[in-house]
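A.B. asks: Kindly generate the corresponding structure for this input.
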Amino acid sequence: QRIEVLRTPKPKANEVLIKVKACGVCHTDLHCIKGEVPFPQPAVFGHEISGEVVEYGPLDGAGSRHPLPVGTKVCSTFIMPCGNCAFCKKGEEDTCETFFALNRLKGHLYDDSTRLITAEGGEEVAMYSFAGLAEYAVVPAPAPAWRVASVDIVVPVAVPKSVILATLPSNTSTLADRKE
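C.D. replies: Residues are numbered from 1 along each chain as shown. Coordinates of the predicted model:
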């Protein structure tokens, strides 16, 4: 295992660049890091992110406005569903075919490429979900991200096996709240 400096990723069309303020540490991340679940290497892990929008790629369509302007505080779901596959259309985003085919198997976003490149050498780095354990994360527009009124960062003394390092206001919507 090694630590690399990465170039700041650039969002493409219909993507948002988020400055990560906090990121969940999921047990699946640990399984991949330990090699118990196959995943391309090198890789940046981490999903369940919160942070602030700092840039966004161009939008499709003339006169479009981005729904998450620069400076917006956001949090994301634990995966990035495409919104177009049969599972997403049924409201079963956690089994998104596109996410599993491109991200879970290859470490890529929806255009079948990564946004992470090493600063020295220009090597591609796989993205596990949002790759939120990096300083910046690229989030595709179809992936649900919610604007939040405030994000309080929690710095625990001892981190349990799975913890979300952000506390959200009690009125924050979650994936479970959206399903009917």
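A.B. asks: Contacts only, for Pro42.
C.D. replies: Contacts for Pro42 (CB atoms under 8 Å, 6 or more residues apart in numbering) come out as Arg2, Glu4, Thr118, Glu123, Val125, Ala126. Quick note: C-beta positions are derived from backbone N, CA and C, even for glycine.
A.B. asks: change it to 6 Å
C.D. replies: Listed by CB atoms under 6 Å, 6 or more residues apart in numbering, the contact set of Pro42 reads Val125.
A.B. asks: For it, give its distance to Val54.
C.D. replies: The spacing between Pro42 and Val54, counted by CB to CB, to the nearest Å, is 24 Å.
A.B. asks: same question, Ala119
C.D. replies: Distance from Ala119 to Val54, by CB to CB: 18 Å.
A.B. asks: Asp112 now?
C.D. replies: Counting by CB to CB, the gap from Asp112 to Val54 is 25 Å.
A.B. asks: swap in Phe39?
C.D. replies: 27 Å.
A.B. asks: do Lys106 as well
C.D. replies: Taken as CB to CB, the span from Lys106 to Val54 is 26 Å.
A.B. asks: and if you look at Val37?
C.D. replies: Taken as CB to CB, the span from Val37 to Val54 is 31 Å.
A.B. asks: Quick check: Val20 is in a helix.
C.D. replies: No. According to DSSP: H, G, I helix; E, B strand; the rest coil, Val20 belongs to no helix; its state is strand.
A.B. asks: Correct me if wrong: it contacts Ala137.
C.D. replies: Yes. Taking CB atoms under 6 Å as the definition, Val20 is a contact partner of Ala137 at 5.3 Å.
A.B. asks: More neighbours: which of these two?
C.D. replies: Each of Val20 and Ala137 has its neighbours counted (other CB atoms under 10 Å); Ala137 has more, 28 against 18.
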